[in-house]
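Engineer: Turn this into a model:
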Amino acid sequence: MGDFEAAGELVTGAMAGRAVEPHAGEGHGHDPLCLNCGTALIGNHCHRCGQPGHVHRSLGAIGHEILHGVAHFEGKLWRTLPLLAWRPGELTRRYVAGERARFVSPMALFLFSIFTMFAVFQIAGIQAPTDLNTVTAGTMISELRADAVENRAKAIAARDKRAADDPRRARYDTRIAEAEATIRQLDAIPRGARPEPPEVHTNIKTFDKGISKWQQNPSLMLYKLQTNVYKFSWLLIPLSLPFVWILFFWKREYRLYDHTVFITYSIAFMSLLFIVLTIANAVGVTGPWLMAAGILVPPLHILRQMKQAYRLGWVSAVIRTVVLCFGITLIVGIFLTILVTLGLFG
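Structural biologist: Residues are numbered from 1 along each chain as shown. Take a look at the predicted model:
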């Protein structure tokens, strides 16, 4: 079922992205008259109502639309991705300047990449653990007993190395006695018993209820947290906006819209990067290479995008990138706090 759900996420993301993507610059031929309003057509789209001149009316057209949504975005995706990967600042600047028909819009690419990322995660088996509640008392007791037995064996070995009249033997005798007492206590616990987790009280009824949910069913709450990550991933955009704005607040040529395009394209790239790393791991690329890419590529990409988008010198771009990277840690913390709060109240 996980693969079916992942496929559903992929198609949903593609179609969601396609829904918000402008159709300018697209077309596949047309009839002489607009089938919507009857206006004579002089191009691929009606200049009066905007409907495409050629409309599909076949079952295969549904698959055609899905394939375009997933793989092509009517050709825009393949013009956008190379720039996003290597010249992200140029892509940002050109889109802000008005080249909209050539490239996938930031929000469409964001939706597509986020949904696709979580679809790939599901296929790869990266998800919240669902077996947290199977860590029963028996498992915990077995682990504690094994530790006590090991501690007793170490104490006995250390004691036996001492001479019979060595006063330090008493210290090891005490450790042995403590370990044996622990073993007896654990052996006396009835099988199937499960110790209750310590209760946490904040004296705020709503929070106490939410905390109780986490304690009673942590796997369900982690699943809800994972689900909320992509449902509310759009929050990363407004959360990031103040941090980018403050880096350029005295430069009036850059508006909030410009920063939003910068942020949205950047987040989309990071999502696509995680997809690539996940696939690379699945095909056997070694961990050190993946770790190096995961650590180095994001700040370098932000640096390159910032330098190109805002036409900065290297020193200025590096300083702003360092500041923004520190800000990102705060942004992620705020984002996770919001998600946990939503889980408490959900």
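
Engineer: can you tell me the average pLDDT over the longest helix seen in the chain?
Structural biologist: If you go by DSSP state H, the chain has its longest helix at helix 314-345. For helix 314-345, mean pLDDT rounds to 87.

Engineer: ok, the residue nearest to residue 180 when sequence neighbours are not counted - contacts?
Structural biologist: Counting by Cβ to Cβ, 6 or more residues apart in numbering, residue 180 lies nearest to residue 152, which is 6.3 Å off, once chain neighbours are set aside. C-beta here means a position set from N, CA and C on the backbone, and glycine is covered the same way. By Cβ atoms under 8 Å, 6 or more residues apart in numbering, residue 152 lies in contact with 175, 176, 179, 180, 183.

Engineer: Correct me if wrong, but residue 152 is in a strand.
Structural biologist: No. Looking at residue 152 with DSSP: H, G, I helix; E, B strand; the rest coil, it is helix, so not inside a strand.

Engineer: Give me the distance between it and residue 142.
Structural biologist: If you measure residue 152 against residue 142 using Cβ to Cβ, to the nearest Å, the figure is 16 Å.

Engineer: what do you get for residue 120?
Structural biologist: With Cβ to Cβ as the criterion, residue 120 and residue 142 are 37 Å apart.

Engineer: Neighbour count, distance to residue 91 and secondary structure for the contacts of residue 152 - can I get that in a markdown table?
Structural biologist: Converted to a markdown table, these look like this (neighbours: other Cβ atoms under 10 Å; distance: Cβ to Cβ, whole Å; DSSP: H, G, I helix; E, B strand; the rest coil):
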| residue | neighbour count | distance to residue 91 | secondary structure |
| --- | --- | --- | --- |
| 175 | 16 | 65 | helix |
| 176 | 18 | 69 | helix |
| 179 | 20 | 64 | helix |
| 180 | 15 | 69 | helix |
| 183 | 18 | 65 | helix |
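
Engineer: re earlier: distance-wise, check the residue nearest to residue 180 relative to residue 104.
Structural biologist: On the measure of Cβ to Cβ, residue 152 and residue 104 end up 65 Å apart.

Engineer: Closest to residue 33 out of the contacts of residue 152?
Structural biologist: Nearest to residue 33 out of the contacts of residue 152 is residue 183 (Cβ to Cβ; 89.0 Å).

Engineer: mind listing the helices for the stretch 201-346 of the chain?
Structural biologist: Using DSSP state H, counting those that start in this stretch, the helices found in the stretch 201-346 of the chain span residues 205-216, 218-231, 236-245, 256-282, 287-309, 314-345.

Engineer: Export those helices as JSON lines, with columns for mean neighbour count and distance to residue 98.
Structural biologist: Output for these, formatted as JSON lines (neighbours: other Cβ atoms under 10 Å; distance: least, Cβ to Cβ, whole Å):
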{"stretch": "helix 205-216", "mean neighbour count": "14", "distance to residue 98": "47"}
{"stretch": "helix 218-231", "mean neighbour count": "17", "distance to residue 98": "31"}
{"stretch": "helix 236-245", "mean neighbour count": "17", "distance to residue 98": "21"}
{"stretch": "helix 256-282", "mean neighbour count": "19", "distance to residue 98": "12"}
{"stretch": "helix 287-309", "mean neighbour count": "16", "distance to residue 98": "15"}
{"stretch": "helix 314-345", "mean neighbour count": "15", "distance to residue 98": "24"}
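
Engineer: Distance to residue 170 added to those, as a markdown table?
Structural biologist: What follows is the helices of the stretch 201-346 of the chain, written out as a markdown table (distance: least, Cβ to Cβ, whole Å):
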| stretch | distance to residue 170 |
| --- | --- |
| helix 205-216 | 42 |
| helix 218-231 | 44 |
| helix 236-245 | 60 |
| helix 256-282 | 54 |
| helix 287-309 | 48 |
| helix 314-345 | 50 |
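
Engineer: Ok, which of the ones you listed comes nearest residue 125?
Structural biologist: So among the helices of the stretch 201-346 of the chain, helix 256-282 is nearest, using Cβ to Cβ, at 9.3 Å.
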